[in-house]
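Chemist: Generate coordinates for the sequence data below:
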Amino acid sequence: MTKTEEKNQKPEGKVTAFLKKKNIEISAKRYFIDAMGAMANGLFASLLIGTIVATLGQQLNIQILIDIGGFAKSVAGPAMAVAIASALQAPPLVLFSMLAVGTAANTLGGAGGPLAVLVIAIIATELGKLVSKETKIDILVTPLVSICSGVLLSMGIAPYIGAGASAVGKLIMWATELHPLMMGILVSVIVGIALTLPISSAAICAALSLTGLAGGAAVAGCCAQMVGFAVMSYRENKVGGLISQGIGTSMLQMGNIVKNPRIWIPPILTSAITGPIATCVFRMQMNGEAISSGMGTCGLVGQIGVYTGWINDIAAGTRSGITAMDWLGLVLISFVLPAVLTWVFGLICRKLGWIKEGDLKLQ
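Modeler: Next up, the predicted model:
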């Protein structure tokens, strides 16, 4: 573009061109899919893995594992913020500045810290990108703007964002305790669908601090999708597909769902059954880390989360021990029922011609 063209360009055109130059894309995909997915990865690589390692250390009485887990859990805020900034393709100075921002937002956000980190890290990252490399003292200006904007926002709004997210999560958990049948269905189906969609069910559960019976229903819904799709598509994808979907992610089927949405019917129906069985029959609760509620069988994180919840309850004195019924419920809800029910529903859909050979084939 020539200088004359730049001079004659309309203000809105100049703003658009500047945002493009700064790689700032204001879109739902970037903020609610890319950023949320990255946030979940940051949580996984800090809080979640730290909890698993610390729990292992406690069970085996190995202090070094407990210490390692503690250090990992302590950097959850910075890990989330840096992951979000990375997803927004932030330059290095902005990326590293998010360590302070994530710490402030997560700490001041309280129980709803992950949602506060998501909102504030996005804003601070984009503000940092706006000033990046615009001055000769970039090494001072960029981190100053990124950190100050993020920390000031954390001080101003993080407590309110956190309180709001926590209130919504508590409302869902209260409603599930009050109406375990209906809420067991709703939570299981909705979180299960979110798991397969290109958004992060783990981030949603973490942001809302979704635990208790509602967390158990969320685990059920996620397992129905992952194990369900893995078993239902075994004839097309064999062992590789079984593993990649069963302990990886059902999101791999998203392309096939777009082509034929009816392939989603069996796992959704399954989640509508296993959710209330989890809440009404087995009273399965997720009292581990909230992020585990949205992980299902991915790396067996959901099951490890339920187990760590049992351990936490025993330590708190609210549970006397782990019963055979607890184990039976966990195995049935996580593996057996999703596999059997989805296979049956899938067989019916194939008989009806709704699912054809190759519809579930992973590319």
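Chemist: Next one: Val101, what pLDDT does it get?
Modeler: Confidence at Val101, expressed as pLDDT, is 98.
Chemist: for Ile291, same thing?
Modeler: Reported pLDDT for Ile291: 89.
Chemist: ditto for the one 3 residues further on
Modeler: Per-residue confidence for Gly294 comes out at a pLDDT of 93.
Chemist: now do Leu93
Modeler: Predicted confidence (pLDDT) for Leu93: 97.
Chemist: host element of it?
Modeler: helix 92-109 (DSSP states H and E).
Chemist: what packs against that helix?
Modeler: Contact partners of helix 92-109 among helices and strands, from 3 or more Cβ pairs under 8 Å, 6 or more residues apart in numbering; DSSP states H and E: helix 76-87, helix 113-131, helix 138-178. Yep, even glycine has a C-beta here, placed from its N, CA and C like the rest.
Chemist: what's the angle from the second one to helix 76-87?
Modeler: Put plainly, it is helix 113-131. 40 degrees (axes from the mean of the first three to the mean of the last three Cα atoms, to 10 degrees).
Chemist: Can you spell out which helices and strands pack onto helix 113-131?
Modeler: helix 35-43, helix 76-87, helix 92-109, helix 138-178, helix 201-207.
Chemist: now the longest one
Modeler: Under the contact criterion of 3+ Cβ pairs under 8 Å, 6+ apart, the helices and strands touching helix 138-178 comprise helix 92-109, helix 113-131, helix 180-196, helix 212-232.
Chemist: ok, Ser201 - contacts?
Modeler: Taking Cβ atoms under 8 Å, 6 or more residues apart in numbering, we find Ser201 in contact with 191-192, 194-195, 218, 222, 294-296.
Chemist: Apologies, that question was intended for Ala104.
Modeler: 77, 120, 150-151, 154-155, 158.
Chemist: Pick out the most distant pair among those residues.
Modeler: Gly77 and Met155 (14.2 Å; Cβ to Cβ).
Chemist: thinking again about what came up before, turn the helices and strands packed on helix 92-109 into JSON lines, columns for distance to Tyr31, mean pLDDT and mean neighbour count.
Modeler: Formatted as JSON lines, these follow (distance: least, Cβ to Cβ, whole Å; pLDDT from 0 to 100; neighbours: other Cβ atoms under 10 Å):
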{"stretch": "helix 76-87", "distance to Tyr31": "9", "mean pLDDT": "96", "mean neighbour count": "27"}
{"stretch": "helix 113-131", "distance to Tyr31": "6", "mean pLDDT": "95", "mean neighbour count": "26"}
{"stretch": "helix 138-178", "distance to Tyr31": "15", "mean pLDDT": "95", "mean neighbour count": "19"}
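Chemist: okay, the ones you listed in a markdown table with distance to Leu210 next?
Modeler: As requested, those are exported to a markdown table (distance: least, Cβ to Cβ, whole Å):
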| stretch | distance to Leu210 |
| --- | --- |
| helix 76-87 | 16 |
| helix 113-131 | 11 |
| helix 138-178 | 5 |
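Chemist: Tell me which of those sits nearest to Val94.
Modeler: Closest among these, once you apply Cβ to Cβ, is helix 113-131, at 3.6 Å.
Chemist: Pick the most deeply packed of the helices and strands packed on helix 138-178.
Modeler: helix 212-232 (a mean of 32; mean count of other Cβ atoms under 10 Å).
Chemist: what's the average pLDDT for that helix?
Modeler: So the average pLDDT for helix 212-232 ends up being 97.
Chemist: Same question for stretch 341-349.
Modeler: Per-residue scores along stretch 341-349 average to 97.
Chemist: Touching it from outside, list them.
Modeler: 224, 227-229, 231-232, 262-263, 265-267, 269-270, 273-274, 355.
Chemist: before we move on, what about stretch 307-317?
Modeler: Against stretch 307-317 from outside (Cβ under 8 Å, 6+ apart): 51-52, 55, 58-59, 211, 285-289, 292, 319-322, 326, 330.
Chemist: Stretch 32-46 now?
Modeler: 72-73, 75-76, 78-84, 86-88, 114, 117-118, 121-122, 198-200, 202-204, 206, 291, 294, 301.
Chemist: ok, Gly353 to Val258 distance?
Modeler: Taken as Cβ to Cβ, to the nearest Å, the spacing of Gly353 relative to Val258 amounts to 19 Å.
Chemist: about what we covered before: figure out which of the helices and strands packed on helix 113-131 is closest to Gly246.
Modeler: Here helix 201-207 is closest among the helices and strands packed on helix 113-131 (Cβ to Cβ), at 16.1 Å.
Chemist: May I have that closest one exported as PDB, CA atoms only?
Modeler: Extracted in PDB, the C-alpha atoms of helix 201-207 (Å, rounded to 0.1, in the frame of the first residue of the first chain):
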ATOM      1  CA  SER A 201     -14.900 -29.600  28.500                       C
ATOM      2  CA  ALA A 202     -12.000 -29.700  31.000                       C
ATOM      3  CA  ALA A 203     -11.600 -26.000  30.900                       C
ATOM      4  CA  ILE A 204     -15.400 -25.500  31.400                       C
ATOM      5  CA  CYS A 205     -15.400 -27.800  34.400                       C
ATOM      6  CA  ALA A 206     -12.300 -26.100  35.900                       C
ATOM      7  CA  ALA A 207     -13.700 -22.600  35.300                       C
END
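Chemist: and Gly221, what does it touch?
Modeler: Remark: with contacts taken as Cβ under 8 Å, 6+ apart, Gly221 is in contact with 187-193, 195, 271, 274-275, 296.
Chemist: Throw those into CSV and include distance to Asn237, thanks.
Modeler: Converted to CSV, those look like this (distance: Cβ to Cβ, whole Å):
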residue, distance to Asn237
Val187, 29
Ser188, 24
Val189, 24
Ile190, 26
Val191, 24
Gly192, 20
Ile193, 21
Leu195, 18
Ser271, 21
Thr274, 22
Gly275, 26
Gly296, 18
